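S.K.: Sequence and predicted model, in that order:
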Amino acid sequence: MNWDDFANWSKHIADWGAQYHKTLRDRPVRAQTQPGEISAQLAPVPPTKGEDMSVILKDFEDIVMPGMTHWQHPRFFAYFPANAAPPSILAEQLVNTMAAQCMLWQTSPAATEVEGVMIDWLRQALGLPQPYTGVIQDSASSATLSAVLTMRERATGFTGNRDGLNGKGNLRIYCSDQVHSSIDRACWVSGIGQENLVKIPGVGARYGMDSRALEAAIKDDIAAGHTPAGVVAITGGTGVGACDTLGPVLELARQYDLYTHLDAAWAGSAMICPEIRDDFWEDVDGFDSIVFNPHKWLGAQFDCSVQFLRDAGPQLDTLKIEPEYLKTTGEALTNYSEWTIPLGRRFRALKLWFLIRSYGLEGLQERIRNHVAWAEELCGKISAMDGFEIATDPILSLFSFRCPGDDAAQQRLVDALNADGRIYLTQGAFGGRKIIRVQVGQFDTTRDDVMAVCAVIQDVWGQIK
């Protein structure tokens, strides 16, 4: 393909993309294909000669598209969103075209400097104080792993990387029992181990970590000869939106010299709204590390996760490695590859620059406020349905419910709803029971889309009960 062909096909794909988004409501939200159906249509061996792009794109339409679940669908209410606002998509097209590897300042100065400013824009938007700096990670999982590794190194006097963990004793990490599985995985990968991740039960209306139980666990571990290393708190847990009360967690962390990380991957975006921040994020400025995903609720295309650091030093001491070929001569410069586990880095900051400039904070705040209000309204409608119950009340834009019947009935309804195709929900578990989750957050969803959930549930339930 020459560059003239590239230009022509790029225009074709841009037109396709606009039409795709404008007609998403006409498609089933979740792929309706069966396992193996897509791969059976692919050639079993690679072609020996090149094929025309028109043929390739036709196969894309005929083979790939039927097997896609449409995450940008306005009636996608499953998981958390992976939004892609139009300005963010345009920025990604530019990034993909330049194809720069932005690991060091010198390998793309603009990428490094735009990232630094975007981190500070978001710091201001979220109401974090001046000392916080940060870095763009690929996902919250990577940010959490970076924080857990920092907990490990700090607790071992920064000797774990050099010496390994033999003879270091049991390092203990504490968290709510509502945390995302990425915290478990971070403990696996860091060598701390699943058995040394201590999960504390949640209490209260937002299912936050019980601070008395947390302190008791820390004291028990110290008495047993273990080494408390860190605590992971949450704002907006994946299951039901659980939120820790941050002040008591931080007080205990300071008392026992624990490194602190706050996982706000989903709900962090809502903190651009001052009234929400005041309600959920009191004392947030005490955390050593905070992560949130603009690629979820804020509208940035995946992947784009921001990790704020009150002091970058401990994480740099944990992750920085500088072979001769990566050294930068001259004045001190920021090289963000030293802040993260991967060396390679994409120019992720560009889509934040495009996104925030295109909508402004007011435009993004309006969307989030609408989603929260619509979720509460929908919750009220479902609670009024005969035999249905609200399992967990709305926390921001997430709530859960149960239909009449046992756990098998809940799964039967979820499967029927998703096979119907008009909406997409997921099941979950809470309090020993299966629940059905509803999460409002797709960038282009409307109030009508959200209220349609109730009508679809009534329709499908009437067919299967």
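M.R.: Yes, it's here. Numbers count the residues shown, from 1 in each chain.
S.K.: just the strands in the stretch 351-465 of the chain please.
M.R.: Ranges of strands in the stretch 351-465 of the chain, per DSSP state E, counting those that start in this stretch, are 389-395, 398-402, 426-430, 433-439.
S.K.: how about those strands, which one is nearest L171?
M.R.: Closest of the strands of the stretch 351-465 of the chain to L171 is strand 426-430, at 28.9 Å (criterion: C-beta to C-beta). C-beta: built from backbone N, CA, C; applies to glycine.
S.K.: May I see the buried residues of that closest one?
M.R.: Neighbour-count burial for strand 426-430 flags 426-428, 430 (criterion: 16 or more other C-beta atoms under 10 Å).
S.K.: For those, which two are the farthest from each other?
M.R.: With C-beta to C-beta as the measure, no two of those lie farther apart than T426 and F430, at 12.7 Å.
S.K.: Tell me where the longest helix sits in the protein.
M.R.: Secondary structure of the chain per DSSP state H: the longest helix is helix 349-383.
S.K.: helix or strand right after the lowest-mean-pLDDT helix or strand in the chain?
M.R.: Within the chain, no helix or strand scores below helix 160-163, which has a mean of 89 by mean pLDDT, DSSP states H and E. The helix or strand immediately downstream of helix 160-163 is strand 171-176, counting by DSSP states H and E.
S.K.: Name the strands paired with that following strand and say parallel or antiparallel.
M.R.: strand 197-200 (parallel), strand 227-234 (parallel) (DSSP bridges).
S.K.: list the buried ones in the first one?
M.R.: Going by neighbour count (16+ other C-beta under 10 Å), the buried part of strand 197-200 is 197-200.
S.K.: what sits against the nearest residue to W374 once chain neighbours are set aside?
M.R.: Excluding its sequence neighbours, the residue lying closest to W374 (C-beta to C-beta, 6 or more residues apart in numbering) is V450, at 4.2 Å. Neighbouring residues of V450 by C-beta atoms under 8 Å, 6 or more residues apart in numbering: 77, 374-375, 377-378, 440.
S.K.: just the residues you listed now: which is nearest A332?
M.R.: V440 (45.2 Å).
S.K.: doesn't F77 make contact with the closest one?
M.R.: Yes - if you go by C-beta atoms under 8 Å, V440 and F77 touch, sitting 6.4 Å apart.
S.K.: residues in contact with stretch 153-170?
M.R.: Stretch 153-170 is contacted from outside by 152, 171, 191-192, 196, 221, 225-230, 259, 314, 317-318, using C-beta under 8 Å, 6+ apart.
S.K.: ok, now stretch 416-423?
M.R.: 27-30, 32, 75, 77, 424-425, 452-453, 456-457, 459-460, 463-464.
S.K.: Just the buried ones from the residues you listed, in PyMOL syntax?
M.R.: In PyMOL syntax, the buried subset of those is picked out as below (16+ other C-beta under 10 Å):
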select buried, resi 27+28+29+30+75+77+424+425+452+453+456+457+460
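S.K.: Just give the closest residue to G247, not the sequence neighbours.
M.R.: D283 (4.1 Å).
S.K.: quick one: contacts for the one you found?
M.R.: By C-beta under 8 Å, 6+ apart, the neighbours of D283 are 246-247, 250.
S.K.: residues in contact with V179?
M.R.: Neighbouring residues of V179 by C-beta under 8 Å, 6+ apart: 199, 232, 234, 237, 263.
S.K.: Just the buried positions in the least confident helix or strand of the chain, please.
M.R.: Neighbour-count burial for helix 160-163 flags G160 (criterion: 16+ other C-beta under 10 Å).
S.K.: swap in stretch 158-172?
M.R.: Neighbour counts over stretch 158-172 (16+ other C-beta under 10 Å) mark 160, 165, 168, 170-172 as buried.
S.K.: what's the offset of it from the middle of its chain?
M.R.: Put simply, stretch 158-172 sits 30 Å off its chain's centre (C-alpha atoms, centre = their mean, to the nearest Å).
S.K.: Show the end-to-end separation of that stretch, please.
M.R.: 16 Å (C-alpha to C-alpha, to the nearest Å).
S.K.: same deal with stretch 146-163?
M.R.: End-to-end distance (C-alpha to C-alpha), stretch 146-163: 18 Å.
S.K.: Quick check: nearest residue in space to Y336, chain neighbours excluded?
M.R.: Leaving aside its sequence neighbours, Y336 sits nearest to V135 (C-beta to C-beta, 6+ apart; 5.3 Å).
S.K.: In a strand, the one you found, correct?
M.R.: Yes - counting by DSSP: H, G, I helix; E, B strand; the rest coil, one finds V135 located in a strand.
S.K.: Now do the contacts for it.
M.R.: Counting by C-beta under 8 Å, 6+ apart, V135 makes contact with 115, 119, 306-307, 309, 312, 336, 339-340.
S.K.: would you turn the residues you listed into TSV with pLDDT and distance to A140?
M.R.: Below are the contacts of V135 laid out as TSV (pLDDT from 0 to 100; distance: C-beta to C-beta, whole Å):
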residue	pLDDT	distance to A140
E115	94	17
I119	96	16
V306	97	9
Q307	97	8
L309	97	14
A312	95	18
Y336	83	17
W339	87	15
T340	91	13
